[in-house]
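In: Pasting the sequence and the predicted model now:
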Amino acid sequence: MKVDYADNCDFQSWIDLLELVKESFPGLDLKEYKNVLHQSILNQEALIAKNDKGELVGELIFSRKNCELAFLAIHPRHRKKGIATNLIQHMFDLFPKGTNLKVITYREGDVKGIAARKLYQSIGFIEGKFITVFNYPCQELNYII
């Protein structure tokens with residue numbers, strides 16, 4: 001598996017993967033998301049993971065300005081293979097030591113968030129404040145690099 005910055009030629013593959021997992025992201029507005037993705041690619045804030053066949057199997061958007069992991073998705077057939085951890089570790093390397101990064105995910109007890117919370121907590125993210133995003137109860141998790 002190879003992790004690299006996404007570029008414009010990865011755009012459609014990225015959207016194809018998003019279509020497979022979009023139910024996991026309440027409030028997702030595809031038109032707005034595409035604009036964010038274009039900007040993230042331009043800013044080099046979009047990472048992709050490709051398997052040995054060159055297929056896109058994971059995608060991550062982060063914000064340097066907000067010190068945030070903003071989006072993470074792994075192809076359903078390629079989960080539990082370390083792809084998400086690899087993408088996150090690669091993102092960590094792009095921030096200075098001491099940076100406090102956050103990710104917004106589902107609250108404890110929400111069935112939709114069991115796998116995500118387990119992943120983030122296994123990496124070392126700790127629970128932060130409760131928030132609501134797109135009228136859905138969420139929680140910030142934090143990690144200091």
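Out: Everything's here; your move.
In: where's the residue of the chain most remote from its centre, which helix or strand?
Out: Distance from the centre of the chain peaks at Lys53, with 22.1 Å (Cα atoms, centre = their mean). Under DSSP states H and E, no helix or strand contains Lys53.
In: Let me see the backbone angles for it.
Out: phi -90, psi 0 (degrees, to the nearest 10).
In: do Glu55 as well
Out: Torsion angles, degrees, to the nearest 10, at Glu55: phi -80, psi 140.
In: What's the per-residue pLDDT of it here?
Out: pLDDT recorded at Glu55 is 96.
In: do the same with Ser24
Out: 86.
In: got the buried residues for the stretch of helix or strand Asn35 belongs to?
Out: Per DSSP H and E, Asn35 falls inside helix 30-42. Residues of helix 30-42 classed as buried: Tyr33, Val36, Leu37, Ser40, Ile41 (neighbour count, 16 or more other Cβ atoms under 10 Å). The way it works is simple: take the backbone N, C-alpha and C, and place the C-beta from them, glycine included.
In: and if you look at stretch 14-22?
Out: Residues of stretch 14-22 classed as buried: Trp14, Leu17, Leu18 (neighbour count, 16+ other Cβ under 10 Å).
In: Nearest spatial neighbour of the first one, chain-adjacent residues omitted?
Out: Same thing as Trp14. In space, and not counting its chain neighbours, Trp14 is closest to Glu59: 5.4 Å by Cβ to Cβ, 6 or more residues apart in numbering.
In: Please report how far the nearest residue to Phe125 once chain neighbours are set aside lies from Asp16.
Out: Computed as Cβ to Cβ, 6+ apart, the closest residue to Phe125 that is not its neighbour in sequence is Leu141, at 3.9 Å. Counting by Cβ to Cβ, to the nearest Å, the gap from Leu141 to Asp16 is 28 Å.
In: Ok, Gln39 next?
Out: 20 Å.
In: re earlier: so can I have TSV of the buried residues of helix 30-42 showing pLDDT?
Out: Shown next, in TSV, are the buried residues of helix 30-42 (pLDDT from 0 to 100):
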residue	pLDDT
Tyr33	96
Val36	97
Leu37	98
Ser40	98
Ile41	98
